[in-house]
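[1] Fold the following, please.
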Amino acid sequence: MIAGAGQRGRFVYGAWAAAHPDQMQVVGVVDPDVHRREAVVVRHSGSVGVDTLERALEDLPAAEAVIIATPDAEHESLALAAIGAGMHVLIEKPVAHTIEGVRSIAGAADRSNQVVAVAHVLRYTPFFQALHGVVAGGELGDLVTVAHRENVAAWHMAHSFVRGNW
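    Coordinates of the predicted model:
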């Protein structure tokens, strides 16, 4: 199930699922915006669209996992509901708005048998896989410290760090 049919839910996770139907099948799409929601439902035949996760948990076929790609303020409540329903969870960053929220999700995950993972997706890109290979292969010697900077364009800064209207 995908919660959030915006950029990440629709064009990243949804596109990946469409390209890899043998590895992931979208059975449900949760988004309050009917146009976004239905755009994802159309791409994933057999999936059902609903406006809230609560409705999804009641009305949709049993899903094994949920990808939480909603606005940041919704992450905590959605993760807790999904964990409580026995679903595995992949959650976009930030996990929650407060350290208490993060602890609440971590505690719920610890008490469950579900996998609850944070989407650190860059580790799977070719660049970072190659970088990991160099470090793991010992070509740099003993690694003492790492300073990493993601140099991004102004449009990325405006989107990712101002975070839109939420």
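[2] alpha carbons only for contacts and neighbour counts from here, please
    Fine.
[3] my guess is residue 101 meets residue 75, correct?
    No. Using C-alpha atoms under 8 Å, residue 101 makes no contact with residue 75, being 9.2 Å away.
[4] any shared contact partners between the two?
    Between them, residue 101 and residue 75 share the neighbouring residues residue 95, with contact defined by C-alpha atoms under 8 Å, 6 or more residues apart in numbering.
[5] This protein: strands as residue ranges?
    With DSSP state E as the definition, the chain shows strands at residue ranges 2-3, 28-30, 48-50, 65-68, 88-91, 116-118.
[6] Could you dump the ones you listed into JSON lines with mean neighbour count added?
    Rendered in JSON lines, the data for the strands of the chain read as follows (neighbours: other C-alpha atoms under 10 Å):
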{"stretch": "strand 2-3", "mean neighbour count": "28"}
{"stretch": "strand 28-30", "mean neighbour count": "29"}
{"stretch": "strand 48-50", "mean neighbour count": "24"}
{"stretch": "strand 65-68", "mean neighbour count": "25"}
{"stretch": "strand 88-91", "mean neighbour count": "22"}
{"stretch": "strand 116-118", "mean neighbour count": "17"}
